[in-house]
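# Next come a sequence and a model predicted from it.
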Amino acid sequence: MTRAPIRWELLPLVCAGGAIGVAARHVLTALVPDSSVVWMTAVINVVGSLLLGFVAGVCGARHARWRGFLGTGVLGGFTTYSAFAVQVAGATGGPQIALVLAGSALLVILAVGAAVAGLVVGARVAREAAA
């Protein structure tokens, strides 16, 4: 498999988008009590997966600037599976471990399903816009 060359001219767009996405995630998690942060992170990841699928569906192989800014940047900064993993790891003590692990598996399933839905809708929007 051949990798596409790095498009250095997109780096400022990706960085700016990433800053926006991280700031949005920070604000949303700051709005909920500490006991709900793991749930907010889960919601952020599912919604971000849906939106990333939509962006990928609309942009396809075209629109590298928008894909870089919105996809890799904004939504890449918005979603955070590493923070979710740390939050889950911190909550896996005691008798709730099975529930926590089941919830983690459910999150992955929901996020992938959301991404697929976003791809389908985004591709349909792109086709209708091109028609």
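Noted; the coordinates are in hand.

# When you work out contacts or count neighbours from here on, use the C-alpha atoms and nothing else.
Noted.

# How about the helix or strand containing residue 89, which residues are buried there?
Residue 89 belongs to helix 81-90 when elements are defined using DSSP states H and E. Of all the residues in helix 81-90, those buried under the rule 16 or more other CA atoms under 10 Å are 84, 88.

# What is the subsequent helix or strand relative to it?
helix 97-130.

# What average pLDDT does that following helix get?
Average pLDDT, helix 97-130: 91.

# Give the other helices and strands that that helix contacts.
helix 37-59, helix 81-90 (3 or more CA pairs under 8 Å, 6 or more residues apart in numbering; DSSP states H and E).

# among these, which is nearest residue 123?
Taking CA to CA, helix 37-59 is the member of the helices and strands packed on helix 97-130 nearest to residue 123, at 4.2 Å.

# any idea which helix or strand comes after the closest one?
Using DSSP H and E, the next helix or strand after helix 37-59 towards the C-terminus is helix 64-66.

# Give me the buried stretch members for that following helix, please.
Neighbour counts using 16+ other CA under 10 Å place 65, 66 of helix 64-66 among the buried residues.

# before we move on, the earlier item: can you put the helices and strands packed on helix 97-130 in JSON lines and add distance to residue 126?
Formatted as JSON lines, those follow (distance: least, CA to CA, whole Å):
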{"stretch": "helix 37-59", "distance to residue 126": "5"}
{"stretch": "helix 81-90", "distance to residue 126": "28"}
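
# Quick check: which of those helices is nearest to residue 4?
helix 37-59 (16.5 Å).

# Just give the number of residues close to residue 53.
Neighbourhood size, residue 53 [other CA atoms under 10 Å]: 26.
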